[in-house]
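# Need a 3D model of the sequence below.
(chains A and B)
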There are 2 protein chains.
Amino acid sequence: MINVLTEKIKKLEAPIVVGLDPTMKFVPEHIKKQAFAEYGETMKGAAEAVWLFNKGIVDAVCDLVPAVKPQIAMYEQFGVEGMYAFQKTVAYCKEKGLVVIGDIKRGDIGSTSDAYAVGHLGQVQVGDTVCRGFDEDFATVNPYLGSDGVKPFIEVCKKEKKGLFILVKTSNPSSGEFQDRLVLPEGCTDAAKARPLYEVVGEKVAEWAADHMGEAYSYIGAVVGATYPEMGKVLRRIMPKSYILVPGYGAQGGKGKDLKHFFNEDGLGAIINSSRGIIAAYQQEAYAKYGAENYADASRAAVLDMKEDIKEGIFS
Amino acid sequence: MINVLTEKIKKLEAPIVVGLDPTMKFVPEHIKKQAFAEYGETMKGAAEAVWLFNKGIVDAVCDLVPAVKPQIAMYEQFGVEGMYAFQKTVAYCKEKGLVVIGDIKRGDIGSTSDAYAVGHLGQVQVGDTVCRGFDEDFATVNPYLGSDGVKPFIEVCKKEKKGLFILVKTSNPSSGEFQDRLVLPEGCTDAAKARPLYEVVGEKVAEWAADHMGEAYSYIGAVVGATYPEMGKVLRRIMPKSYILVPGYGAQGGKGKDLKHFFNEDGLGAIINSSRGIIAAYQQEAYAKYGAENYADASRAAVLDMKEDIKEGIFS
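This is a model prediction of the structure:
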């Protein structure tokens, strides 16, 4: 799947992933009206609204981008019905030829991580039958529990030729609280040799990446926020074979010119996420002319602009 | 809710939480047969089997323990149908008077953590209507993203008088890979002053805990594995007002005598989880006499034995 993703990025000249993170305030009135007319102001109504909203965007951008990244929390907030909308979104995006990165940020002790891995990326045995759950192509994983929390995901990925993006340095303002703390090398008492925790995690990701290689890149990638370009530069070197999934572009403050160092010299190795900036483009001044009725066209225009901004950023 | 939990622990003399982590291999044949007869070997069949299994255990132990902790991964592996079984389990346990700790280990950037928080602990606005999702009493949270990933959970908890258990030192063998790394205090270059990351996280938990106090204890607790009793001792001092949720007892190797230092001098402040050891008791030699048909009675016997083991451990 990492080879597929790489090929699609090259062909479309778009290292872009659209974050499908719908909240009710992004969904245009006419869609809410339609969904609530059918299911009422219920979880089912909300889930239907989210699904209809997503479908419009996916139809409008699926020929422009290689991948989408539904953020599961935005579905999970609507309970079981929301999870159904998540599943439906994943399946529809795959049908449209998009690579689907499930932004689930799961991670637990071994046996539990295994359950997450089979539920999201693999298959589960029910009696003599094999079933599939959410069935994304990639998933994001939280590394706080260490190797035995990550390896069950890698094992399932090996079987399925799927991949991971492991949190290394996240895009949020307080990510440094733990991730930037200076850590002594094991067995070392020289404070001058201390390095930030995100580098230590990055090295571990490089190790895991070597264990599940695709052609040019590994199936095991990392998450590094666009909001920390200098750290991106260092982490790019530490994890040369890993794709970096870069959130924080656009609404969170990251700009095209900040992105250069997330890429390798081959022009590959990073994929930039934008969520609000694309899916709620019609609510921004720059795309207001499209109006809420044509929100999907506004999203398409925002993708085209993002593509230009990133191209300029990489080659500047 | 932390006051309710504390009162129940005192009344039942049982600082015990039963981990409802059903995998298919724990579910007795007669239950699988019943569920598959109705829904086939499908995700729905698996979810029904899990639900019937849980119901039996909950009915058998609900007068003995204050709380249960369903591990959501074990449900999520069965996709949307599994999530429905999770929701049904949460609702049933609450109906039976049990405090429900959703072991969800979520955590993300602010807006996303907020979505998880409303979905699991709070309420979500759908049009003019307010709906509730999974509606647990407590949730476990991963701290890797720092304060702005945790605070949205705390805000929802304040509104709802609910609580959290934040991962500090997890029970798994490789938890030390990042959690035990020695970290320099901010702005300090003296290697002798470096302390393990779990202590740094523990201090932050103590800070968050002070922000949302119940009567004697805070609504904000921590997760510290039974498998690391010496670290438990230190963390007990760092977070005096936080309940410690202690996994890793029993199947993962923790014993009653290891638990003493997780408790405060008032005999409170910790709640010990056992999952496999209770829900799959009938598969162990000690409880084999009950047989698979009476698996729930085996679970009841295992809870009674655990209660004794812990009492001896605390007062030894």
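# The stretch 101-250 of chain A: strands as residue ranges?
A:123-126, A:129-132, A:138-141, A:163-169, A:182-183, A:195-196, A:220-224, A:244-246 (DSSP state E, counting those that start in this stretch).
# Can you show me the CA trace of the longest helix anywhere in chain A as PDB?
Using DSSP state H to define each element, chain A has its longest helix at helix A:295-315. Output of helix A:295-315 as PDB, limited to C-alpha atoms (Å, rounded to 0.1, in the frame of the first residue of the first chain):
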ATOM      1  CA  TYR A 295     -19.400  23.600  -0.600                       C
ATOM      2  CA  ALA A 296     -17.800  20.700  -2.500                       C
ATOM      3  CA  ASP A 297     -16.700  23.000  -5.400                       C
ATOM      4  CA  ALA A 298     -15.100  25.200  -2.800                       C
ATOM      5  CA  SER A 299     -13.300  22.200  -1.400                       C
ATOM      6  CA  ARG A 300     -12.000  21.400  -4.900                       C
ATOM      7  CA  ALA A 301     -10.800  24.900  -5.400                       C
ATOM      8  CA  ALA A 302      -9.000  24.800  -2.000                       C
ATOM      9  CA  VAL A 303      -7.300  21.500  -3.000                       C
ATOM     10  CA  LEU A 304      -6.000  23.100  -6.200                       C
ATOM     11  CA  ASP A 305      -4.700  26.100  -4.300                       C
ATOM     12  CA  MET A 306      -3.000  23.900  -1.700                       C
ATOM     13  CA  LYS A 307      -1.400  21.900  -4.500                       C
ATOM     14  CA  GLU A 308       0.200  25.100  -5.900                       C
ATOM     15  CA  ASP A 309       1.200  26.300  -2.400                       C
ATOM     16  CA  ILE A 310       3.000  23.100  -1.600                       C
ATOM     17  CA  LYS A 311       4.700  22.900  -5.000                       C
ATOM     18  CA  GLU A 312       6.000  26.400  -4.500                       C
ATOM     19  CA  GLY A 313       7.000  25.500  -1.000                       C
ATOM     20  CA  ILE A 314       9.000  22.400  -2.000                       C
ATOM     21  CA  PHE A 315      10.800  24.000  -4.900                       C
END
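# and the residue nearest the centre of chain A, what does it touch?
Centroid-nearest residue in chain A, with CA atoms, centre = their mean: residue A:69, separated by 4.4 Å. Residue A:69 makes contact with A:17, A:18, A:19, A:20, A:100, A:101, A:102, A:103, A:245, A:273, A:275 under the criterion CB atoms under 8 Å, 6 or more residues apart in numbering or on different chains. Backbone N, C-alpha and C define where each C-beta goes, glycine included.
# Closest to residue B:112 out of those residues?
Ranked by distance to residue B:112 (CB to CB), those are led by residue A:103 at 8.2 Å.
# Correct me if wrong, but residue A:60 is in a strand.
No - applying DSSP: H, G, I helix; E, B strand; the rest coil, one finds residue A:60 to be helix, outside a strand.
# my read: it touches residue A:302, true?
No - the pair residue A:60 / residue A:302 is not scored as a contact, 10.2 Å apart, by CB atoms under 8 Å.
# which one of the two has more residues nearby?
Neighbours were counted for residue A:60 and for residue A:302 using other CB atoms under 10 Å in any protein chain shown; residue A:302 has more, 25 against 20.
# wait, that one sits on residue A:288?
No - counting by CB under 8 Å, residue A:288 is not a contact partner of residue A:302; they are 11.9 Å apart.
# For stretch A:273-281, give me every contacting residue.
Contacts of stretch A:273-281 (CB under 8 Å, 6+ apart): A:16-22, A:26, A:53, A:57, A:61, A:69, A:71, A:245-251, A:284, A:287, A:290, A:295, A:298-299, A:301-303, A:306.
# Let's see that with 6 Å instead.
A:17-19, A:21, A:26, A:57, A:69, A:247, A:249-251, A:287, A:298-299, A:302-303, A:306 (CB atoms under 6 Å, 6 or more residues apart in numbering or on different chains).
# For it, C-alpha coordinates in PDB please.
Provided in PDB are the C-alpha atoms of stretch A:273-281 (Å, rounded to 0.1, in the frame of the first residue of the first chain):
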ATOM      1  CA  ASN A 273      -2.900  16.900   5.500                       C
ATOM      2  CA  SER A 274      -5.400  19.600   5.500                       C
ATOM      3  CA  SER A 275      -8.800  19.200   7.100                       C
ATOM      4  CA  ARG A 276     -10.800  22.300   7.900                       C
ATOM      5  CA  GLY A 277      -8.900  24.200   5.200                       C
ATOM      6  CA  ILE A 278     -10.400  22.000   2.600                       C
ATOM      7  CA  ILE A 279     -13.700  20.500   3.900                       C
ATOM      8  CA  ALA A 280     -14.900  23.800   5.300                       C
ATOM      9  CA  ALA A 281     -13.400  26.000   2.600                       C
END
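# Give me the distance from it to the chain's centre.
13 Å (CA atoms, centre = their mean, to the nearest Å).
# Let me see the mean pLDDT of it.
Averaging pLDDT along stretch A:273-281 gives 96.
# swap in stretch A:245-256?
Here the average pLDDT along stretch A:245-256 is 81.
# For that stretch, C-alpha coordinates in PDB please.
Provided in PDB are the C-alpha atoms of stretch A:245-256 (Å, rounded to 0.1, in the frame of the first residue of the first chain):
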ATOM      1  CA  LEU A 245       2.300  12.400   7.500                       C
ATOM      2  CA  VAL A 246       2.200  16.200   8.200                       C
ATOM      3  CA  PRO A 247      -0.800  17.600   9.900                       C
ATOM      4  CA  GLY A 248      -1.200  21.300  11.000                       C
ATOM      5  CA  TYR A 249      -1.100  22.800   7.500                       C
ATOM      6  CA  GLY A 250      -3.600  25.600   7.000                       C
ATOM      7  CA  ALA A 251      -6.000  26.100   9.900                       C
ATOM      8  CA  GLN A 252      -3.400  25.200  12.500                       C
ATOM      9  CA  GLY A 253      -0.900  27.700  11.000                       C
ATOM     10  CA  GLY A 254       1.500  25.600   8.800                       C
ATOM     11  CA  LYS A 255       2.400  27.200   5.400                       C
ATOM     12  CA  GLY A 256       3.700  25.700   2.100                       C
END
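# Residues contacting it, please?
Contacts for stretch A:245-256 (CB under 6 Å, 6+ apart): A:165, A:171, A:221, A:223, A:225-227, A:262, A:270-274, A:276-277, A:309-310, A:312-313.
# Select only the buried ones of those residues in ChimeraX?
This is how ChimeraX selects the buried members of these, with burial counted by 16 or more other CB atoms under 10 Å in any protein chain shown:
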select /A:165,171,221,223,225,226,227,262,270,271,272,273,274,276,277,309,310,313
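# before we move on, back to that, if we go by neighbour counts, what in the longest helix of chain A is buried?
For helix A:295-315, by 16+ other CB under 10 Å, it's A:295-303, A:305-307, A:309-310, A:313-314.
# what does stretch A:126-133 give?
Neighbour-count burial for stretch A:126-133 [16+ other CB under 10 Å]: A:126, A:127, A:131, A:133.
# Would you check which pair of these lies furthest apart?
A:127 and A:133 (15.9 Å).
# which of the buried residues of stretch A:126-133 are close to chain B?
Under the cut-off given by CB under 6 Å from any CB of the partner chain, chain B has A:126, A:127, A:131, A:133 from those close to it.
# How about the contacts made by residue A:41?
Counting by CB under 6 Å, 6+ apart, residue A:41 makes contact with B:126, B:127, B:129.
# go with 8 Å
Residue A:41 touches B:126, B:127, B:128, B:129, B:131, counting by CB under 8 Å, 6+ apart.
# and the closest residue to the residue nearest to the centre of chain A other than its chain neighbours, how many neighbours?
Once flanking residues are discounted, residue A:69 sits nearest to residue A:101: 4.2 Å by CB to CB, 6 or more residues apart in numbering or on different chains. Other residues within reach of residue A:101, judged by other CB under 10 Å, total 30.
# again, but for residue A:292
Count around residue A:292 with other CB under 10 Å applied: 14.
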